[in-house]
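K.L.:
Pasted the sequence and its predicted model underneath.
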Amino acid sequence: MPFNMTISPDFKPELISGWYIFNTWLQKKIDTPIHIDLVNDFIELSDAIDQNRIDLIYANPCDIARLVREKNFNPLVQPVGTQDETIIVSSVNSQVKTIEDLSPGIKVAMTDVPDVNTIGMIMLEPADITPKDIETIHCQNFITVAKNVINGQADIGFLLADAYNEFSNLVKKQLHSLITSKIHVLHHALLAGPDFPNQENLQQVLLSMNEDPKTQKILQSLEIEKWQAMDREEAEFLIDLMDTLSPE
Amino acid sequence: MQNMKPEDLASDNYQETELTFFDGTSRKVLYTDIETQFPDGCLIVSRTDLDGVITHVNKSFVLMSGFTEQELIGQPHYILRHPFMPPAAFAGLWKTIQKKEKWHGYVKNLRKDGGFYWVYATVIPNRRNGEIVSYTSVRRKPSVKKVAECMELYPTLF
């Protein structure tokens, strides 16, 4: 029976083949059968976690608390130099040019990516806007968020800064960046469930990926420069931080 | 803890008072009415031990407080205490986190140069194996309206 690996559903669709290549390489390297079990959204992911269907996961920071504290997952590695920052955008044609121009009752386009939405709401607090003061327009992905803002269906949108930066100039020209978070400590991480074997070896294998040109290419296909070790205390710090940011 | 020094201040136009903290320590505090605005999109993050002694600060903390990291590590968190803040606010904070609960509040903090900055602060107890081992504090940009309310309220709490 193979172990199951899943990827947080906020991964870029164009990286899907990279994750399959990574998995093929990893299975051979650690001589362990692993099946990729992708989920469509964070609700499906939550169900999979509940049902103990996951053994290995590249997780969003908002899911790490539950995985570590409730499901006894162990943090293994995190990508170097990759951080989850959030940007709030309005339409370039909108009167809204700063966060303080916003008022309760606004329509906000957002995906279901939890850390982006958490940070987005925090950045609205200076304008006295809380979750109960907004009308949410749920979007499947970040480009749909941008479209909703550009066509005026939403007053503002919450985007992952990396996703915004990869938009074409045509899209960016139609958006106005109101604010970008500079938190520097939120990031995804790879975690292993309690039943996954030889986790120390797995961690070492991952940490040495950038030392071989062949495995460097696999990392590049995931848009990861290299992995760095993540220990339990670092995970606990991230969890504590997310706890301070969670809605009251 | 050292008294504040006039040569560290950003202005010659300052007021002076003596603050006494929960552990009996007293400090001469010099303060001005110069406000530093909270930087957009940033979070100030720090950790203390169980006695409130700072063990970790991030770059935003260093920037906003005006101290160096070396000056902050090992100091009690009340190095930031502004005389405008009523002691009751901090008594409530300690009471809450010692019950293993999360505390939120609007706080006017004192800078090394005597100036101030307002924050919306959240403090949580860090639990490991069921025991509280430290505290994490995260401060973010506050609502202007809420700060205005606190400016009215806090002077009535002394």
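P.N.:
It's in. Everything numeric in this text was worked out from a predicted model, so none of it was measured.
K.L.:
Now chain A against chain B: closest residue?
P.N.:
A:Thr244 (4.0 Å; CB to the nearest CB). Yep, even glycine has a C-beta here, placed from its N, CA and C like the rest.
K.L.:
Secondary structure of that residue: a helix, I assume?
P.N.:
Yes: A:Thr244: assigned to a helix according to DSSP: H, G, I helix; E, B strand; the rest coil.
K.L.:
How many neighbouring residues does it have?
P.N.:
20 (other CB atoms under 10 Å in any protein chain shown).
K.L.:
Now do it, the pLDDT please.
P.N.:
For A:Thr244, the model assigns a pLDDT of 92.
K.L.:
list the contacts for it?
P.N.:
Residues in contact with A:Thr244 (CB atoms under 8 Å, 6 or more residues apart in numbering or on different chains) are B:102, B:122-124, B:136-138.
K.L.:
Near chain A, list only the ones from those residues.
P.N.:
B:102, B:122-124, B:136-138 (CB under 8 Å from any CB of the partner chain).
K.L.:
Do you know the pLDDT at residue 63?
P.N.:
Here I'm looking at chain A. A:Asp63 is assigned a pLDDT of 95 by the prediction.
K.L.:
you looked at the wrong chain, it should be chain B
P.N.:
The model reports B:Leu63 with a pLDDT of 95.
K.L.:
how close does it sit to B:Glu16?
P.N.:
26 Å (CB to CB, to the nearest Å).
K.L.:
Please apply the same query to A:Ile43.
P.N.:
To B:Glu16, A:Ile43 is 58 Å away according to CB to CB.
K.L.:
Same question for A:Phe142.
P.N.:
As for A:Phe142, its distance to B:Glu16 is 53 Å (criterion: CB to CB).
K.L.:
Likewise for A:Asp47?
P.N.:
From A:Asp47 across to B:Glu16, the span is 61 Å (CB to CB).
K.L.:
pretty sure B:Thr48 contacts B:Phe61?
P.N.:
No: using CB atoms under 8 Å, B:Thr48 makes no contact with B:Phe61, being 11.7 Å away.
K.L.:
what does chain A put close to chain B?
P.N.:
Residues of chain A lying near chain B by CB under 8 Å from any CB: A:99-100, A:122-123, A:125-128, A:179-185, A:236-237, A:240-241, A:243-245, A:248.
K.L.:
Look at A:Phe142 and B:Glu16 and report which has more neighbours.
P.N.:
A:Phe142 (25 against 13).
K.L.:
Just give the number of residues close to the nearest residue to the more buried one once chain neighbours are set aside.
P.N.:
Distances taken as CB to CB, 6 or more residues apart in numbering or on different chains put A:Ala163 closest to A:Phe142, at 4.0 Å, once the chain neighbours are dropped. As a burial measure, A:Ala163 scores 19 neighbours (other CB under 10 Å).
K.L.:
residues in contact with B:His56?
P.N.:
By CB under 8 Å, 6+ apart, the residues touching B:His56 are B:45-47, B:73.
K.L.:
any idea whether it is helix, strand or coil?
P.N.:
strand.
K.L.:
confidence score at it?
P.N.:
On pLDDT, B:His56 comes in at 94.
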